[in-house]
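J.: Predicted model and sequence below, questions to follow.
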Amino acid sequence: MAIRGPEMVFAGYVALLDECVEKRALREGQRVHAHMIKTCYLPPVYLWTRLMVFYTKNGLLGDARRVLDEMPLRNVVSWTAMISAYSQKGYASEALDLFQQMLRSETEPNEFTFATILATCTGASGFQLGRQVHSLVIKNNYESQIFVGSSLLDMYAKAGKIHEAREVFECLPERDVVSCTAIISGYAQLGMDEEAIELFSRLQREGMDSNYVTYASVLTALSGLAALNHGRQVHGHVLRREVPFYVVLQNSLIDMYSKCGSVTYARRVFDSMSERTVISWNAMLMGYSKHGIGRQVVELFELMRKEKKVAPDSVTLLAVLSGCSHGGLEERGLQLFHEIINGEHGVQPEMGHYGCVIDMLGRAGQLQEAFEHIQRMPFEPTPAIWGSLLGACRVHSNVDIGELVGHKLLELEPENAGNYVILSNLYATAGRWEDVRNVRHLMKEKAVIKEPGRSWVELDQVLHTFHASDRLHPRRGEVFEKVKDLALKIKALGYVPDLSCAFHDVDDEQKEKILLGHSEKLALAFGLMGSAEGVPVRVIKNLRICVDCHNFAKFVSKLYAREISLRDKNRFHHIVNGICTCGDYWAAKPLTTAAAALRRRLFSSSSGPSRWATPGHEERPKGYLFNRPPPPPGQARKWEDWELPCYVTSFLTIVILGVGLNAKPDLTIETWAHQKALERLQMEQQQMSESD
């Protein structure tokens, strides 16, 4: 170039620039541009455009824009190249402004221009612009073009307008893997998992050629449905077709297995990865967190720090804090939060980190500390933060703080039905039925509709859906009878319905009937009916599983020696032989008024003699069982003088009954004795109130 000087021609410049673009040789490319200027060479439009592409490839958008502005003539390729550069770098407003300039210059956009500009139309304002661009697409007869159609349906899907996206998809004269993947991904991202799987199955039958992005989108949908068997089939399909295991696909597999309750398989995929991104670590950490395996979360996080290949980000720390909260590791969680505050991890504390700490304190019953922590936050607390505290108040029956937080939430989110429901349930737990009616009346006034509880169970690759007191399932009669049969059997093992989970002002018999109609119990019963002995039963719930259903599942697991997996919107509960991985930590509940009084009588040193001593007699030290004074010399002790502590008499009574009923005394002692003590206490309180 230096030798030929002004004799350089178009072909020479193109060859040099192409080489600079390919190798991203910035200095050499700048010399080519400088040579054009010094030799007063007037490049044609193509060469100007090639210069612009060279600068954009090297990340110099300002220089590329200056090239565009200096061009004496521009064509659609020049405009589109610059618009595409802005769009790819995330400068949506600049891309849209340039597109408007292009239209004013009376340059007709082509299919690539429309496909590019539609990709920038995101968000609320972007959607309105996207509709306007759609009208231009129709005006220029590009709606049936495959690139434009794919961008259109992607724009509608990202804006949450999935029905409009489906209309665009159905109108495409031909479909490629990009358009098929876009519509499946749109359904999956919006949580319409069943529709995504149904469409994928249809397109598979029609001969669609899927790529790794398609499979990643399908796995996202399957994780939402917790359809483990279908997920395994997709994994097998990927292996048989030898689809490249890009990190994105492996991350989706980790997420799918974790959300389907098979965290062991998720860890196998994780361990087999030759390269892990921070998203890979986050997916595995979040999987352990959702399963309540707090110690595994902490161990994996320490391994990540030890390897030093990938630096943790804010999502990583959020996953660890969440795992400490769900796993009951408050001390480690608060220590980690202190490290974040001190900047030891190079991440600024965000709202989500504070939210995890609030949740952690709330789960531990430290509601006052959680409330004070919210007031000290450097951010304005979001409704999610207040909602976490309200949920903790509901679990621990703290009406004072819960009422304050609940009304705060009703002001912030008057359209959120969940806040009304939790506040109403809190009032119901405290027996404040008038307040319950007021909250429900307020819901009707504001036309707020509560999301109905639904549960799913998969049998023979068919997903069965149950609603509370279901009247739609074809085998609902058999299912209800099975639930009743299960309730009778596990009552013999000590199960007592938790009537506080029935938030209605009705008698106890009606409350128990309402509890039997919960969708979790129906799905569990159907799973037992339709699966072979010893096969695990997996139930999914769209809302949080109530304490009574959790206890019900524990007793059923012990009765049938079955592994039961319950997944609600917060976490997993793996129950084996009646023991749940959550350790019942999530279901911590304060005692009711009667139970609290009973506990004071049992264990309070200031309330008189211990329960374990016969009433009216002084309790003797060192485990003396008999508390009556010895009989006078020469006299034998009478039968009625052999008075035993009530825990001994309860045990003997249950053993005698158990022998006659062929029961298992070791499973019923605690529940039976506790129930009888409660009944006795209630009777005493009733007698005292009548005497008053």
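T.: That came in fine, so what should we check first? Numbering: from 1, shown residues only.
J.: going forward, measure contacts and count neighbours with C-alpha atoms only.
T.: Fine.
J.: wait, residue 224 sits on residue 190?
T.: No. Judged on CA atoms under 8 Å, residue 224 makes no contact with residue 190 at a distance of 10.4 Å.
J.: With neighbour numbers in mind, choose between those two.
T.: residue 224 (19 against 16; other CA atoms under 10 Å).
J.: Next SSE downstream of whichever strand or helix holds that one?
T.: Assigned by DSSP states H and E, residue 224 belongs to helix 212-225. Scanning forward in sequence from helix 212-225 by DSSP H and E, the next helix or strand is helix 228-240.
J.: For that following helix, name the packing helices and strands.
T.: If contacts are counted by 3 or more CA pairs under 8 Å, 6 or more residues apart in numbering; DSSP states H and E, helix 228-240 sits against helix 212-225, helix 247-259.
J.: ok now that helix, how far from the chain's centre?
T.: 23 Å (CA atoms, centre = their mean, to the nearest Å).
J.: And for stretch 240-260?
T.: Here stretch 240-260 is found 19 Å from its chain centre; the criterion is CA atoms, centre = their mean.
J.: cool, stretch 96-109 as well?
T.: With CA atoms, centre = their mean as the basis, stretch 96-109 stands 43 Å off its chain's centre.
J.: And the contacts of it?
T.: Stretch 96-109 has contacts (CA atoms under 8 Å, 6 or more residues apart in numbering) with 75, 76, 79, 83, 117, 120.
J.: immediately after the helix or strand encompassing the third one, which helix or strand?
T.: Element membership for residue 79 (DSSP H and E) is helix 76-88. Taking DSSP H and E as the definition, the helix or strand that follows helix 76-88 towards the C-terminus is helix 92-104.
J.: That next one vs helix 76-88, what angle?
T.: Angle, helix 92-104 to helix 76-88, by axes from the mean of the first three to the mean of the last three CA atoms, to 10 degrees: 160 degrees.
J.: Same question for helix 92-104: list its buried residues.
T.: Neighbour-count burial for helix 92-104, counted by 16 or more other CA atoms under 10 Å, picks out 92, 95, 96, 98, 99, 102.
J.: ok, back up a step: reformat the contacts of stretch 96-109 into JSON lines and put distance to residue 479 and neighbour count next to each item.
T.: Below are the contacts of stretch 96-109 laid out as JSON lines (distance: CA to CA, whole Å; neighbours: other CA atoms under 10 Å):
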{"residue": "75", "distance to residue 479": "69", "neighbour count": "16"}
{"residue": "76", "distance to residue 479": "65", "neighbour count": "14"}
{"residue": "79", "distance to residue 479": "65", "neighbour count": "20"}
{"residue": "83", "distance to residue 479": "60", "neighbour count": "25"}
{"residue": "117", "distance to residue 479": "54", "neighbour count": "24"}
{"residue": "120", "distance to residue 479": "51", "neighbour count": "26"}
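J.: Show me which of these is closest to residue 168.
T.: The closest of those to residue 168 turns out to be residue 117 (CA to CA; 17.1 Å).
J.: re the thing from before, just the contacts of stretch 96-109 now: which is nearest residue 176?
T.: Of all these, residue 117 has the smallest distance to residue 176: 20.2 Å, by CA to CA.
J.: Go ahead and report the secondary structure state at that closest one.
T.: Look at residue 117: counting by DSSP: H, G, I helix; E, B strand; the rest coil, its state is helix.
J.: any idea how far it is from residue 109?
T.: Look at residue 117 and residue 109: by CA to CA, to the nearest Å, they are 10 Å apart.
J.: do residue 315 as well
T.: Separation of residue 315 from residue 109 (CA to CA) stands at 41 Å.
J.: thought residue 185 was touching residue 219?
T.: No. Look at residue 185 against residue 219 with CA under 8 Å: they stay out of range, at 10.0 Å.
J.: which one of the two has more residues nearby?
T.: Higher neighbour count among residue 185 and residue 219: residue 219, with 31 against 27, using other CA under 10 Å.
J.: if we can go back for a sec, export the helices and strands packed on helix 228-240 as TSV, with columns for mean pLDDT.
T.: Shown next, in TSV, are the helices and strands packed on helix 228-240 (pLDDT from 0 to 100):
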stretch	mean pLDDT
helix 212-225	90
helix 247-259	93
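J.: These: which one's closest to residue 520?
T.: Of all these, helix 212-225 sits nearest to residue 520, with 15.0 Å by CA to CA.
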